[in-house]
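A.B. asks: From the sequence below, what's the structure:
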Amino acid sequence: MSIRRYGLPCLLLALLGVVPFTAGGSAIEMADRVVVRKSERQLLLMRGDQVLRTFSVALGLSPTGHKRQEGDFRTPEGNYRLSGRNPNSDFFLAIQVDYPRPGDERRASAEGVPPGGLIMIHGQPNRPSRPLEYYQKRDWTNGCIAVSNADMVDIWLMTPDNTPIQILP
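C.D. replies: Residues are numbered from 1 along each chain as shown. Below you'll find the model as predicted:
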């Protein structure tokens with residue numbers, strides 16, 4: 001882990017006392033995969049067959065079905081990886097999902113449409129334009145997977161780059 005990538009968020013979290021710990025209280029448990037169940041609005045951090053944590057999520061404004069093209073407000077479905085982090089996002093922390101994959105690009109190309117991109121797991125907007133309840137009770141993203149800021153801290157700390165993510169209908 002680099003200081004530049006994780007230093008500021010970790011320092012902030014340590015000062016606030018919100019760093020997640022294992023049952024023994026000594027170290028952060030790391031997930032080896034992420035599963036998103038769109039129909040249940042859940043994100044699970046997994047280690048083997050064990051569920052480490054479960055989080056409620058908000059999805060794209062049009063959540064049913066796989067993302068077909070840019071601007072369709074759908075959250076993709078399939079197998080991807082967590083491919084990068086942005087601590088300076090317009091949202092409270094953001095982890096990129098490597099959508100589109102080559103299969104997504106081929107399908108979109110065959111349909112003559114751009115596949116879209118910049119699918120992230122992220123927290124709440126840094127400059128909200130609506131009341132907090134709006135973000136907590138409905139799907140509101142352009143196709144991303146949104147969680148509370150507190151949940152985003154745990155996801156950020158418990159998932160290394162290149163972690164597989166499976167997004168299910």
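
A.B. asks: partners of the strand or helix carrying Tyr80 in the sheet?
C.D. replies: For Tyr80, the element it lies in under DSSP states H and E is strand 78-86. Strand 78-86 pairs in its sheet with strand 94-97 (antiparallel), strand 164-168 (antiparallel), by DSSP bridges.

A.B. asks: and Ala110, that one's in a helix?
C.D. replies: Yes. Ala110 sits within a helix when classified using DSSP: H, G, I helix; E, B strand; the rest coil.

A.B. asks: mind checking pLDDT for it?
C.D. replies: With respect to pLDDT, Ala110 scores 95.

A.B. asks: ok, it - how many residues close by?
C.D. replies: Using other C-beta atoms under 10 Å, Ala110 is surrounded by 8 other residues. Glycine gets a C-beta too; all of them are placed from N, C-alpha and C.

A.B. asks: What separation is there between it and Asp72?
C.D. replies: As judged by C-beta to C-beta, to the nearest Å, Ala110 and Asp72 stand 16 Å apart.

A.B. asks: middle-most residue in this structure, spatially?
C.D. replies: With the centre of the chain defined as its mean C-alpha position, the nearest residue by C-alpha atoms, centre = their mean is Ile121, 1.9 Å away.

A.B. asks: isn't that residue right next to Ile155, touching?
C.D. replies: Yes. Ile121 is in contact with Ile155 according to C-beta atoms under 8 Å; the separation is 6.2 Å.

A.B. asks: what is in contact with the two at once?
C.D. replies: Common contacts of Ile121 and Ile155 (C-beta atoms under 8 Å, 6 or more residues apart in numbering): 34, 43, 95, 147.

A.B. asks: Take those residues and lay them out in TSV including distance to Leu61.
C.D. replies: Formatted as TSV, those follow (distance: C-beta to C-beta, whole Å):
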residue	distance to Leu61
Val34	22
Leu43	18
Ile95	21
Val147	17
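
A.B. asks: which ones among the residues you listed are found in strands?
C.D. replies: Secondary structure from DSSP state E places 34, 43, 95 of those in strands.

A.B. asks: can you confirm Asp72 is in a helix?
C.D. replies: No. Read with three-state DSSP, Asp72 is coil and lies in no helix.

A.B. asks: tally of neighbours for the residue nearest to it when sequence neighbours are not counted?
C.D. replies: In space, and not counting its chain neighbours, Asp72 is closest to Ser62: 6.3 Å by C-beta to C-beta, 6 or more residues apart in numbering. Residues lying near Ser62 (other C-beta under 10 Å) number 14.

A.B. asks: any idea which helix or strand carries Ser62?
C.D. replies: With DSSP H and E as the test, Ser62 turns up in no helix or strand.
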